[in-house]
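Enquirer: The following block contains a protein sequence and its predicted model.
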Amino acid sequence: MTPQELGWLAGWLEGEGTFYYTKSKSSPTVIIQVFSVDLDVIEKAAALMRGKIYFIKARGPSQSGYRIHLESLPAVELMQNLLPFMGKRRTAQIELALEGWRTRPNKPVEKLCACGCGRAVFGRPRIIYARRETGACAMMAFRARQKQVSP
């Protein structure tokens, strides 16, 4: 993204965007969301953000429009790039969201594969098996446990 494109996107998100961190237990994540009724503007923003456009149907007297929803690592990287361009209120929103992301409970950790193959695994705290193309590490560990349990 060029500096001009980043500046345009920052200005547009300053007025229209929302930056936040969800604290759901299963998958806490950081999110950038923006809504617009102008399809040409939302298409340009989606191309710059590498986000997907969702059509939002009108409820009652409100107008139909389009939404971009960007989350997790792509949202974190974009927030970090946008931070120097933002005003006080949006800067506070972004810093709060990034702090939640840095201190989230499901942060990936590095450890050794549980099957005993010796490979380092980087994943969520509950994922302890290296993932090969076939999932062999997890299957080997499962079969080894079954043999120990079986008479």
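Expert: Right, received. Where do you want to start? Residues are numbered from 1 along each chain as shown.
Enquirer: in a strand, that's where Val76 is, yeah?
Expert: No: under DSSP: H, G, I helix; E, B strand; the rest coil, Val76 falls outside any strand and is assigned helix.
Enquirer: pLDDT (mean, whole number) over the helix or strand harbouring Ala144?
Expert: Ala144 is located in helix 136-149, with elements delineated by DSSP states H and E. Mean per-residue pLDDT for helix 136-149: 67.
Enquirer: same check, this time on stretch 83-100
Expert: 94.
Enquirer: Pull out the buried residues from that stretch.
Expert: Phe85, Met86, Arg90, Thr91, Gln93, Ile94, Ala97, Leu98, Gly100 (16 or more other CB atoms under 10 Å). The way it works is simple: take the backbone N, C-alpha and C, and place the C-beta from them, glycine included.
Enquirer: And the helices in this structure?
Expert: Counting by DSSP state H, the chain has these helices, from start to end: 3-16, 39-49, 72-82, 88-102, 136-149.
Enquirer: in this protein, which helix or strand is least confident?
Expert: strand 120-123 (a mean of 62; mean pLDDT, DSSP states H and E).
Enquirer: one step back: for the buried residues of stretch 83-100, which one is nearest Ile42?
Expert: Arg90 (18.7 Å; CB to CB).
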